[in-house]
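Chemist: Give me the fold of what follows.
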Amino acid sequence: MTKFLVLALAAVALLAPLPAFSGAATALTAYIKNCQTEGVDPDTRVAACTTVIHSNLFAGRLLADLYAIRARAYIAKQDYQDALADENKALELKPDFPEAQANKAKLEEMLQAAGAAQTDTAGSPAKP
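Modeler: Numbers count the residues shown, from 1 in each chain. Reported below is the predicted structural model:
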């Protein structure tokens, strides 16, 4: 279990005893697990991470971790633009985040190469 998941589950556990939050805490725990788990379908992971991010229960470094986790799910979907946006958000919240810095550099390189490839093929004559 990662440090993020432990902290997130601890935060949810604080809300669980309150009657108004018990069902929501259980649901949020499931979303956190789906967001965090690499083997989960990337679309499910993106949706779960988005739900947790929009819960407004996390800020600062934990929120940065969530954006970085969702970026990995976007990468698994080959959605590199959204992955880059999430890495940028993670770095905005946590500038000293080596994993996000490395992933951002790789994504920018991939997107630049893809843009160059599109430019090269756009001017090429169509194959018969």
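Chemist: List of residues touching the top helix by length along the chain?
Modeler: In the chain, taking DSSP state H as the definition, the longest helix is helix 98-122. The contact list for helix 98-122 (CB atoms under 8 Å, 6 or more residues apart in numbering) reads 64, 67-68, 71-72, 75, 80-81, 83-84, 87-88, 90-91, 94. All C-beta atoms are positioned from the backbone trio N, CA, C, and that covers glycine.
Chemist: Once you drop chain neighbours, what's closest to residue 83?
Modeler: Nearest non-adjacent residue to residue 83, counting by CB to CB, 6 or more residues apart in numbering: residue 74, 3.7 Å away.
Chemist: my bad, residue 89
Modeler: residue 67 (4.5 Å).
Chemist: Could you tell me which of the contacts of helix 98-122 count as buried?
Modeler: Buried members of these, counted by 16 or more other CB atoms under 10 Å: 64, 67-68, 71-72, 75, 80, 83-84, 87, 90-91, 94.
Chemist: In helices only, show me those residues.
Modeler: 64, 67, 68, 71, 72, 75, 80, 83, 84, 87, 90, 91.
Chemist: quick one on the thing from earlier: can you pull the contacts of the residue nearest to residue 89?
Modeler: Counting by CB under 8 Å, 6+ apart, the residues that residue 67 touches are 53, 86, 87, 89, 90, 93, 100.
Chemist: Tell me if I'm right that the third one and residue 70 touch.
Modeler: If I follow you right, that is residue 87. No. When contacts are counted by CB atoms under 8 Å, residue 87 is not listed as touching residue 70 (9.7 Å).
Chemist: where does the chain have low pLDDT?
Modeler: Where the chain drops to pLDDT under 70, the residues are 1-26, 116-128.
Chemist: thinking again about what came up before, pick out the most distant pair among the ones in helices among the buried ones among the contacts of helix 98-122.
Modeler: 64 and 80 (19.4 Å; CB to CB).
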